[in-house]
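>>> next input, structure requested:
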Amino acid sequence: MRTLLIFPLIALAGGCAMNEMSARGAEREARKQAALDTMLAGYQPGEPRSCVNSRDLRGPTAYGERTLVFREGRTIWVNETSGGCDDAGRDALITRQFGPQLCRGEIARTADLTSGFQSGSCSLGDFVPYRKPR
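Got it, this is the predicted structure:
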């Protein structure tokens, strides 16, 4: 009889822990989105491009699970990925390019170069330029 009572209690505790973890994840995403909004304040989005020259890009910085931000001079390039490259701010972003450009649809991986472990992967989306109005 006691055994039957323990299983529902374990399931209830596990469910509470999962809700707390998802609430923390949502809170973290909201903080990253607020930081991105603050960074882009005063900038205007331009026409999305499918490819950008990678030679002059700096970054990326990850804002949440899907958003990568690159800088090129006074332009901020925002890329909405499909997948999980959220460790790109901490780990290295690795792409396999077949030319001087980084393009939509390319698969990017994140990896900890010290340990050699891959930490995520994503497919790049369109690159949206943000510039300050003159």
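>>> CA atoms for contacts and neighbours, from now on please.
Fine.
>>> R71 pairs with what?
Beta bridges link R71 to R58, I76, judged by DSSP bridges.
>>> dump the residue contacts of it.
L57, R58, G59, P60, W77 (C-alpha atoms under 8 Å, 6 or more residues apart in numbering).
>>> next, count neighbours for the residue lying closest to R28 once chain neighbours are set aside.
Among residues not flanking R28 along the chain, G64 sits closest, at 7.8 Å (C-alpha to C-alpha, 6 or more residues apart in numbering). Neighbour count for G64, taken as other C-alpha atoms under 10 Å: 23.
>>> does G64 really touch A35, like I thought?
No. Using C-alpha atoms under 8 Å, G64 makes no contact with A35, being 10.0 Å away.
>>> most neighbours, which of the contacts of R71?
Ranked by the number of neighbours (other C-alpha under 10 Å), the contacts of R71 place W77 first, at 25 neighbours.
>>> in contact with it, which residues are there?
Counting by C-alpha under 8 Å, 6+ apart, W77 touches V69, F70, R71, F127, V128, P129, Y130.
>>> next: C122.
T81, S82, G83, G84, C85, I107, A108, R109.
>>> how does it look with 10 Å?
65-66, 80-86, 105-110 (C-alpha atoms under 10 Å, 6 or more residues apart in numbering).
>>> show me what it is bridged to.
G83, A108.
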